[in-house]
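1. This is the structure alone, sequence omitted:
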């Protein structure tokens with residue numbers, strides 16, 4: 001049932017795009033896709049995340065962050081990486097680990113993910129756009145996101161999804177790759193919405209085309225900083241009790 005449903009939705013999405021790069025129609029079509037997949041019951045974990053907002057942060061571990069990502073999270077063309085920027089703009093949080101690796105797809109991350117050691121309270125996942133460009137099986141991608149989300153929650157941590165930044169025509173990506181980016185991003189947003197996962201919605205961050213990119217794919221410093229700013233704002237309502245300066249001086 002699920003492969004047929006996703007195939008129909010994908011066909012409808014691409015038809016609605018009419019060959020353009022605008023993913024708006026995909027978001028409408030996929031409003032309920034997150035409910036169409038059999039998933040573990042996330043309600044207890046969601047309640048745990050809500051309880052965090054009312055729990056005093058005497059334990060600074062509740063204000064810690066670690067990040068998984070690909071080159072978009074690892075690189076912005078300067079020595080100050082996106083993860084460094086997050087630490088600079090939110091000194092009340094402590095980034096304890098940056099697991100961003102150039103070229104790491106969601107598929108590359110998902111298989112070993114259960115065996116990695118984590119220590120932070122918030123676990124941010126940026127990976128997935130490489131899988132979208134390649135048109136990996138959408139059912140597999142959905143299953144991998146659910147498995148990662150459930151693993152993070154089983155560990156007593158809070159998963160956060162960024163969604164995908166935007167790319168432009170003119171480089172290694174063709175128009176179909178950009179349409180797939182929009183479709184998969186809409187799927188991820190539906191998963192986050194229907195399972196109470198904080199979602200930074202990077203696709204809605206102001207984007208000025210190739211001017212915002214180093215090579216038609218990777219955000220330059222200006223665009224990257226806007227993306228990091230959106231991630232920081234997504235974390236803000238989850239970290240209202242994190243009032244101490246945790247970032248190392250200098």
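-> Yep, it's here. These numbers were taken from a predicted model, which means no experiment stands behind them. Numbering: from 1, shown residues only.
2. contacts, neighbours, all on C-alpha from now
-> Fine.
3. Next up, the contacts around residue 188.
-> For residue 188, the residues meeting the contact criterion (Cα atoms under 8 Å, 6 or more residues apart in numbering) are 142, 163.
4. how much space between it and residue 66?
-> According to Cα to Cα, to the nearest Å, residue 188 and residue 66 sit 20 Å apart.
5. From residue 186, how far off is the closest residue to residue 217 other than its chain neighbours?
-> When the adjacent residues along the chain are set aside, residue 217 lies closest to residue 167, with 4.9 Å between them (Cα to Cα, 6 or more residues apart in numbering). Taking Cα to Cα as the criterion, residue 167 is separated from residue 186 by 15 Å.
6. Got the confidence number for residue 236?
-> The predicted structure scores residue 236 at 98 on the pLDDT scale.
7. what about it, neighbour count?
-> As a burial measure, residue 236 scores 14 neighbours (other Cα atoms under 10 Å).
8. can you give me the helices for the protein?
-> Taking DSSP state H as the criterion, the chain carries its helices at 2-17, 24-29, 43-53, 71-74, 82-89, 106-110, 129-134, 138-154, 175-194, 221-235.
9. hey, least reliable of the ones you listed by pLDDT?
-> helix 24-29 has the lowest average pLDDT among these, namely a mean of 38.
10. Spatially nearest residue to the most centrally placed residue in the chain, not counting backbone neighbours?
-> The central residue of the chain, meaning the one whose C-alpha is nearest the mean C-alpha position (Cα atoms, centre = their mean), is residue 162 at 2.5 Å. With sequence-adjacent residues excluded and distances taken as Cα to Cα, 6+ apart, residue 162 is closest to residue 200, at 4.6 Å.
11. what residues are up against the one you found?
-> Residue 200 makes contacts with 160-163, 230-231, 234, as judged by Cα under 8 Å, 6+ apart.
12. ok, these vs residue 132, which is closest?
-> Taking Cα to Cα as the measure, residue 132 sits nearest to residue 163 out of those, at 11.4 Å.
13. Quickly note the distance from that closest one to residue 227.
-> When Cα to Cα is applied, the distance between residue 163 and residue 227 equals 10 Å.
14. repeat for residue 99
-> Using Cα to Cα, one obtains 18 Å as the distance from residue 99 to residue 227.
15. you'd agree residue 228 is up against residue 87?
-> No. Counting by Cα atoms under 8 Å, residue 228 does not reach residue 87; the two are 9.7 Å apart.
16. Distance of residue 201 relative to residue 86?
-> When distance is defined by Cα to Cα, residue 201 is 16 Å away from residue 86.
17. Could you report the pLDDT at residue 39?
-> 45.
18. Understood, closing this out.
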